Each structure stands twice: as C-alpha cells, then as structure tokens.
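J.: Attaching a predicted model along with its sequence, questions to come.
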Amino acid sequence: MPELPETETIARDLDGALQGAVVRSVAVHRQDVLRDPARGGRALTGAAAVRLAARLVTSLTGGRVTAVYRRAKSIVLAFDPARYAVVTPRFTGALLLTRGEASAVRHPHDCLTIGLDDGRTLTYRDLRRLGTLTLLDHEQLARWDEALGPEPLDPELTAERFSGILRGSERAVKSILMDQRRLAGVGNIYANEACWRARVRPTRRGRSVTHVEARTLLAELRGVLAESIALRGTTFRDFQDAYGSKGGFAPMLQAYGRGGLPCTRCGGTLRETHALEGRSTVWCTGCQR
C-alpha cells in the first residue's frame with residue numbers, strides 16, 4: 001500500500017499543481033469509499049450514504065484549493081472555506097490529475113471526480129475500494145491529527161523521544177514502527193528496510209533496543225524514506241503518482257520482497273515470516289541482531 005514516500009510524492013505533485021484552483025463540479029461514483037467522522041469513520045449504506053455524498057458535493061463545489069499535504073499515509077486536500085478532504089489510498093487507491101480528453105473518459109474504478117475551473121479533473125480511483133475519503137472541518141481535522149503519532153522526518157522527533165517510543169513497548173520493533181499512533185507514515189516496506197539498514201532484527205522486542213541502536217534505527221529510517229521520496233516511491237504493481245507514473249525505488253530494496261535470497265551485505269540468508277500481524281517480515285540471519 002502507499003506509505004509515506006508514495007503519499008508524499010502524490011501530495012507534493014498536487015500541492016504544486018492545484019493551489020488556487022477552484023472546484024467547478026464534484027461527482028461521487030462509489031459511495032462505499034466515503035467515511036463520516038460523526039459516525040466513527042464507518043462506511044455508510046443506503047440513505048445515510050446518499051446524504052454523505054450529497055454533503056461532500058455541496059461542501060466542495062465552489063471551494064478553492066489552498067494546499068495539499070501528507071499526514072501519516074493520508075493526503076489532505078485543504079479548501080477555502082475551511083474544509084479538508086482526507087484521502088487514504090491504502091492498497092490500490094490513486095489520486096490522478098488529468099486534462100482534456102483524458103478527463104472526459106470515466107474509468108470503471110473511479111470513485112470520485114472533481115472538475116476544476118481550468119478544465120482539469122482530479123480523480124480518486126480505487127480498484128478494490130479499500131481506501132477511504134473523509135470530509136472534515138477544522139476541529140475534526142485537529143482531532144484526527146492528534147490521534148496520530150509523530151512524523152519520522154519531523155526534526156522535533158529526537159533520538160531520545162524515538163528511543164522512548166521503542167523502549168516503552170514489549171511489541172516487536174517492526175510492529176511499533178508501523179503503529180500509526182506511535183509513529184505516523186511508516187508501513188511494511190520501509191519498516192523492513194530500516195531494520196535491515198540498522199542491523200536490528202525486526203522481531204526483537206522494543207524494550208530490548210538500546211539507546212544507541214534506536215538512534216541508528218531512526219537515522220536509517222529517515223535515510224530510506226528520503227531516498228525513496230527522491231525516487232518517487234516504490235511501485236510493485238498498483239502505486240502511481242498524480243500523473244499516472246510509477247515510482248523508481250523498488251530496485252533499491254535490500255530486504256522487502258527478497259526472502260530466501262542472500263543478504264547483499266553479509267551473504268547470510270534473508271529469512272521471511274508472516275507471523276507478525278500477517279505481513280511479510282524479512283531479515284538477515286547473519287547481520288541483524
């Protein structure tokens with residue numbers, strides 16, 4: 001699924017392209033991706049879903065885009081007057097910006113289309129419809145933001161604070177890194193890669209990580225995230241940026257997707273397990289302790 005580098009790539013693309021654009025029209029094609037914060041973020045059906053879709057159309061039509069940014073693994077589109085559309089793409093979701101003939105062709109997996117005053121169209125497309133779109137006001141946005149952990153690239157996340165996040169838990173290191181309430185934006189791919197770079201076995205208990213190891217892990221996590229952002233994210237199958245292009249970081253992966261192969265650093269065997277929360281966890285039996 002799109003993680004921090006992928007959603008950061010989309011957000012940067014859209015922020016530069018959309019600031020100042022005015023929404024001319026909004027069409028909801030798939031109501032099951034909409035979530036209502038007033039109802040605990042649950043998917044709605046029937047008349048409730050119809051009302052939520054109508055409210056989304058009314059709230060956004062005529063609004064001006066003031067910014068697009070990333071928080072955790074979500075993309076926030078900010079509109080004036082104060083409304084915020086929060087898109088969490090998950091496994092197969094994409095935000096695509098098109099113009100001309102491409103804008104006029106509706107794809108069967110389009111969930112939402114936003115027509116802009118300059119003729120461009122912003123589309124939320126989701127093959128499996130596991131992603132979500134939520135409309136928030138300022139107070140709701142603040143509550144959503146407060147429920148998330150610190151951003152790994154935020155300079156205010158010190159090594160000491162990061163060490164406390166790890167050492168304050170008995171869970172596996174990789175599970176802690178992926179817990180959005182503790183650290184925002186990191187998913188399975190980059191948790192595996194950061195642990196490999198830092199030579200920390202991802203299945204270790206957080207409490208066992210020393211302060212020195214935590215400092216190294218934070219530095220390596222920031223490094224792999226920054227490198228992936230520079231290459232516009234990782235695409236295995238579904239991820240695409242706002243213009244439909246793929247990310248270029250996949251060839252740089254040293255752990256994720258390489259279970260059973262030799263470690264490129266020490267030659268040891270890369271072991272793979274799905275025991276941690278059903279997700280692929282890969283580490284080197286030779287150099288990760």
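T.: Received the coordinates, thanks.
J.: which SS class is the residue lying closest to Ala194 once chain neighbours are set aside?
T.: The shortest distance from Ala194 to any non-neighbouring residue, by CB to CB, 6 or more residues apart in numbering, is to Leu221 (3.9 Å). For glycine as for every other residue, the C-beta is placed from the backbone atoms N, C-alpha and C. Under DSSP: H, G, I helix; E, B strand; the rest coil, the three-state class of Leu221 is helix.
J.: any idea how far Leu221 is from Leu141?
T.: 26 Å (CB to CB, to the nearest Å).
J.: and the residue nearest the centre of the chain, how far is that from Ala219?
T.: The centre of the chain sits closest to Lys73, judged by CA atoms, centre = their mean, with a distance of 2.2 Å. Distance, Lys73 to Ala219, using CB to CB: 22 Å.
J.: still on that earlier bit, may I ask you to confirm that the residue nearest to Ala194 is in contact with Ile176?
T.: No - using CB atoms under 8 Å, Leu221 is not in contact with Ile176, being 11.6 Å away.
J.: quick revisit: quick one: residues contacting the residue nearest to the centre of the chain.
T.: By CB atoms under 8 Å, 6 or more residues apart in numbering, the contact set of Lys73 is Met1, Pro2, Glu3, Leu4, Thr7, Thr88, Pro89, Gln180, Ala184, Gly185, Gly187.
J.: do the same with Ser245
T.: So Ser245 contacts Arg232 (CB under 8 Å, 6+ apart).
J.: redo that, cut-off 10 Å
T.: Thr9, Asp13, Arg232, Gly233, Thr235, Phe239 (CB atoms under 10 Å, 6 or more residues apart in numbering).
J.: And for the residue nearest to Val28 when sequence neighbours are not counted, the neighbour number?
T.: Once flanking residues are discounted, Val28 sits nearest to Ala53: 4.1 Å by CB to CB, 6+ apart. By other CB atoms under 10 Å, 19 other residues sit near Ala53.
J.: Name the SS class of Ala53, please.
T.: Here Ala53 takes the helix state, with states given by three-state DSSP.
J.: Show the contacting residues for it.
T.: By CB under 10 Å, 6+ apart, the contact set of Ala53 is Val26, Ala27, Val28, His29, Arg30, Gln31, Leu34, Leu44, Leu112.
J.: Identify the residues contacting the third one.
T.: Same thing as Val28. Val28 neighbours (CB under 10 Å, 6+ apart): 34, 49-50, 52-54, 56-57, 110-113, 124, 133.
J.: Now which of those would you call buried?
T.: Applying 16 or more other CB atoms under 10 Å to the contacts of Val28, the neighbour count classes Leu34, Ala49, Leu52, Ala53, Leu56, Val57, Asp110, Cys111, Leu112, Thr113, Tyr124, Leu133 as buried.
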